[in-house]
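Chemist: Build me a model:
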Amino acid sequence: MNAEKNKTVMELVILEGFNKGNYRILPELYVPDFIEHQFGLHPTIAGIQEDIKYLRDKFPDFNLTIEEMAAVDDKVWVRMTARGTNTGGFMGPPNGKAFEVSVFDLCRFENGKIVEHWGTPDRFALMAQLGLLPKD
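Modeler: Prediction:
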């Protein structure tokens with residue numbers, strides 16, 4: 001039963017928080033002192049709100065599509081596809097280039113809230129698709 005509830009929480013983070021920018025729900029879904037393991041992300045509710053806002057500012061059409069999700073005991077794994085277009089100026093001026101990359105996330109839950117997060121977006125593919133890698 002808890003595994004299904006945890007999957008619902010994870011879906012809310014993705015669909016409401018990231019895809020819609022509905023930051024108001026995040027305090028309901030994370031413990032205040034959650035542990036963030038993904039390089040570059042902030043381990044506070046205010047910080048994750050800023051991280052999401054940054055993505056949505058740089059890529060206004062940013063969207064995560066859930067491809068697969070599995071829950072066992074206190075952990076939820078999700079494989080997603082992230083898509084967006086650089087119209088907000090990511091690492092330089094906007095260049096209008098689009099990206100589509102894989103993202104793998106794992107969250108650990110306690111009492112229906114996220115207490116730890118690990119994430120691995122394919123940042124190399126992101127940079128390559130946006131034309132931000134050095135040329136030979």
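
Chemist: all helices for the protein, in order.
Modeler: Per DSSP state H, the chain carries helices over the ranges 2-12, 19-20, 26-29, 45-58, 123-129.

Chemist: what helices or strands is the third one leaning on?
Modeler: This means helix 26-29. Packed against helix 26-29, as judged by 3 or more C-beta pairs under 8 Å, 6 or more residues apart in numbering; DSSP states H and E, are the following elements: helix 45-58, strand 113-121. For every residue, glycine as well, the C-beta is placed using N, CA and C.

Chemist: Check which residues of the first one are buried.
Modeler: This points to helix 45-58. Taking 16 or more other C-beta atoms under 10 Å as the basis for neighbour counts, the residues of helix 45-58 that come out buried are 45, 48-49, 51-52, 55-56, 58.

Chemist: and which of those residues is nearest to Asn111?
Modeler: Taking C-beta to C-beta as the measure, Asn111 sits nearest to Ile45 out of the buried residues of helix 45-58, at 16.3 Å.

Chemist: Tell me how far that closest one lies from Phe104.
Modeler: Distance, Ile45 to Phe104, using C-beta to C-beta, to the nearest Å: 23 Å.
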